[in-house]
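Engineer: sequence plus the predicted model coming up.
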Amino acid sequence: MKKFTKILVLTVALMAILAIASYASPHGIIENEPVSIPNGNVTIDGYINADECYSKPAKMNYDTVGYYWAHNPLSTNADIYYAYDDEGIIIGMDIVEGLEAIDERDGTDLTGLNSFQYSTDFDTLDLDVDTGANDYGWNGDVAGFMFDPLGALIGEGFSGSTDLSANYMVGLFQGAEGEEDYIRVYRSRSFEDGEVTDLIESAGRVTENGWAFEVKIPWDLIIEDTDSASLGFVQLTKDVIIQSGSVIRTNVLYQDRFFDDEQGDVATWGRYMTAPATLPDGTPGHLGSGEGIASYGIKLNLLKFDDVNEGDWYKNSVYYCAANGYVTGTTATTFNPKAKLTRGAFVVILARVAGADLTQYTESEFKDVDASAWYGPSVIWAAKEGYVNGLGDGTTFGPGNTMPRQQLATMFFRYAEKAGLDVDGRADLTKYTDYADIGSWATDACAWAVDAGLMKSTSSDALVFAPTNPVTRAQAAQVFMNYDAM
């Protein structure tokens, strides 16, 4: 059975012989794609909701981690979501525990023993008895986060395996009878190690397959710890960090505990970190230290549009769609939310939402659609799939024409139906003051779109559908976010 102390001794010996600060698997790393993180409104309640404006998830799984200081591959999967606001960076993590766990030394099947383990106290399993360092914080399953804002640490030459930033270690504790579970956060590898739960907004819970949590780590804390880690060479401000286009290099650590039936107690299955494919010097990522700043395997790109403000009804939807790559900004710093959406732009967005492979769509049936145009393959795809029709006699598409609301509803109805969604619901459109203006060809689709919550009245004073009004970019973003939340 697993005896982590023996593995640790072996690891130290290998470190001394090979001058490598980790014991990682030799498998190649599939690096996480850069993650665009939105300026979003997130309620910290332990539930990661699509309409809260999170990023697309970064992945922690067998392919994206180096299993450092461990003799077994990761038997846990996790999705890691990011957002930010003026106060701090927000992280949501949804973790699936108890996947197949085969001990690589003797082939013993230990599946199930590594199911989620609550923390009950500070870590004593992996405490450094010589120095008293408590790197992992808690004695149950632990997720840890570390940051290099703007790549400032590595930019200053702090790139060795011993160069670290603070770790924020998240553990879930079981509430007393009748009380909710709760999160505690421990800061380690800093100049002021210790519990920082009171400084961090957090919530977490056990799920059917593992556990999930949300934490908001204040910018002020990250700035303070970056300053300390750099011995004062890197001094940042919040305003500098949260500019549009800022990049934060980050890493995620997972400390996976299991119940060792031989010992009759909880022990450590292994430690895992997201890793880059290669280190900055070209060395394969899994040969790095894992914890050192050179090994940070996720890049966060902050999204910030100067023309999307706090309080705008479309703020969340704009950032949600931008973070998911559905709708891009018109420049690096503007979204142009009130601009009219064209038919060509709509099908481009729809193709992105569908994840369509457009490489095969090279011949257009429309006179006014060049297959080489930026919208060409998307229009050809949408027409062949039956989502869109031509105009008039069907020989033209009108890619530059604005998109009326009833057309959007119709195209989305066709898309949802083919995607296998329930499209049987119908709202009573006769309650709308302009019901008579809705084309007979679009009535069913508009009634479904309202019933499904995809589209709403354009007025707060009365029910108005405005079927012929052109859709704006902000309205389109709201519809696409609503669709994902269905």
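Structural biologist: That came in fine, so what should we check first?

Engineer: for the chain, longest strand please?
Structural biologist: The strand that spans the most residues within the chain, counting by DSSP state E, is strand 247-260.

Engineer: any idea how far the next helix or strand after it is from the chain center?
Structural biologist: Helices and strands here follow DSSP states H and E; after strand 247-260, the next one along the chain is strand 265-274. Mean C-alpha position of strand 265-274 versus that of the full chain (C-alpha atoms, centre = their mean, to the nearest Å) differs by 23 Å.

Engineer: partner strands of strand 265-274 and their direction?
Structural biologist: The strands beside strand 265-274 in its sheet (DSSP bridges) come out as strand 65-66 (antiparallel), strand 247-260 (antiparallel).

Engineer: deepest-packed of these, please.
Structural biologist: When you average the neighbours per residue for each of these (mean count of other C-beta atoms under 10 Å), strand 65-66 leads with a mean of 30. Using the backbone N, CA and C atoms, a C-beta is placed for each residue, glycine as well.

Engineer: what residues does the helix or strand following that one touch?
Structural biologist: Using DSSP H and E, the helix or strand that follows strand 65-66 in sequence is strand 77-84. By C-beta atoms under 8 Å, 6 or more residues apart in numbering, the residues outside strand 77-84 that reach it are 35, 37-40, 42, 48, 52-61, 89-96, 99, 143, 242, 252, 254, 298, 300, 302.

Engineer: show only the entries of the residues you listed found in helices.
Structural biologist: Among the contacts of strand 77-84, no residue falls in helices (DSSP state H).

Engineer: among the residues you listed, name the ones in strands.
Structural biologist: 35, 37, 58-60, 89-96, 143, 252, 254, 298, 300, 302.

Engineer: quick one: the helix or strand containing Ser202 to strand 88-96, angle?
Structural biologist: According to DSSP H and E, Ser202 maps onto strand 201-206. Angle, strand 201-206 to strand 88-96, by axes from the mean of the first three to the mean of the last three C-alpha atoms, to 10 degrees: 10 degrees.

Engineer: paired strands for strand 201-206, with orientation please.
Structural biologist: The strands that strand 201-206 pairs with in its sheet are strand 210-218 (antiparallel) (by DSSP bridges).

Engineer: pull the CA atoms of whatever helix or strand comes next after the strand it pairs with into CSV?
Structural biologist: As assigned by DSSP H and E, the chain's next helix or strand after strand 210-218 is helix 219-229. Extracted in CSV, the C-alpha atoms of helix 219-229 (Å, rounded to 0.1, in the frame of the first residue of the first chain):
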residue,chain,number,x,y,z
TRP,A,219,-6.0,42.0,-5.2
ASP,A,220,-4.5,43.7,-2.2
LEU,A,221,-3.5,40.3,-0.7
ILE,A,222,-1.9,39.1,-4.0
ILE,A,223,-0.1,42.5,-4.4
GLU,A,224,1.2,42.2,-0.9
ASP,A,225,2.5,38.7,-1.4
THR,A,226,4.0,39.5,-4.8
ASP,A,227,5.9,42.3,-3.2
SER,A,228,7.2,40.0,-0.5
ALA,A,229,8.1,37.2,-2.9
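
Engineer: what about helix 219-229, average pLDDT?
Structural biologist: For helix 219-229, the mean pLDDT works out to 96.

Engineer: contacting residues around that helix?
Structural biologist: 87-89, 147-149, 152-153, 158, 163-166, 187, 190-192, 196, 199-200, 234-238, 241-242.

Engineer: show me which of these are buried.
Structural biologist: 88-89, 147-149, 152-153, 158, 163-166, 187, 190, 196, 200, 234, 236, 241-242 (16 or more other C-beta atoms under 10 Å).

Engineer: which ones among those residues map onto helices?
Structural biologist: Short answer: those in helices (DSSP H) are Ala152, Leu153, Ile241.

Engineer: how about the second one, what does it touch?
Structural biologist: So the one you mean is Leu153. The contact partners of Leu153, taken as C-beta under 8 Å, 6+ apart, are Asp163, Ser165, Thr226, Ala229, Ser230, Val234, Ile293.

Engineer: name the nearest residue to it, ignoring sequence neighbours.
Structural biologist: Spatially, and ignoring its direct neighbours in sequence, Leu153 is nearest to Ile293 (5.1 Å; C-beta to C-beta, 6 or more residues apart in numbering).

Engineer: which residue is the nearest non-sequential neighbour of Gly144?
Structural biologist: Spatially, and ignoring its direct neighbours in sequence, Gly144 is nearest to Leu253 (3.7 Å; C-beta to C-beta, 6+ apart).

Engineer: the one you found bridge partners, please.
Structural biologist: Note on Leu253: beta-bridge partners by DSSP bridges are Gly144, Met273.

Engineer: on the three-state scheme, the residue lying farthest from the centre of the chain is what?
Structural biologist: Within the chain, the residue lying farthest from the chain centre (C-alpha atoms, centre = their mean) is Asp393, at 44.5 Å. Taken by DSSP: H, G, I helix; E, B strand; the rest coil, the conformation at Asp393 corresponds to coil.

Engineer: from here on, call the first residue 49.
Structural biologist: Noted, 49 is the first residue going forward, which turns the last one into Asp441.

Engineer: circling back to that earlier point, which one of the ones in helices among the buried ones among the contacts of helix 267-277 is nearest Thr179?
Structural biologist: Leu201 (22.9 Å; C-beta to C-beta).

Engineer: follow-up on the earlier one: give me the buried subset of the ones in strands among the contacts of strand 125-132.
Structural biologist: 83, 85, 106-108, 137-144, 191, 300, 302, 346, 348, 350.

Engineer: check the burial of the nearest residue to Gly318 once chain neighbours are set aside by counting its neighbours.
Structural biologist: The shortest distance from Gly318 to any non-neighbouring residue, by C-beta to C-beta, 6+ apart, is to Ala118 (2.7 Å). Ala118 has 25 neighbouring residues, counting by other C-beta atoms under 10 Å.

Engineer: many thanks, have a good one.
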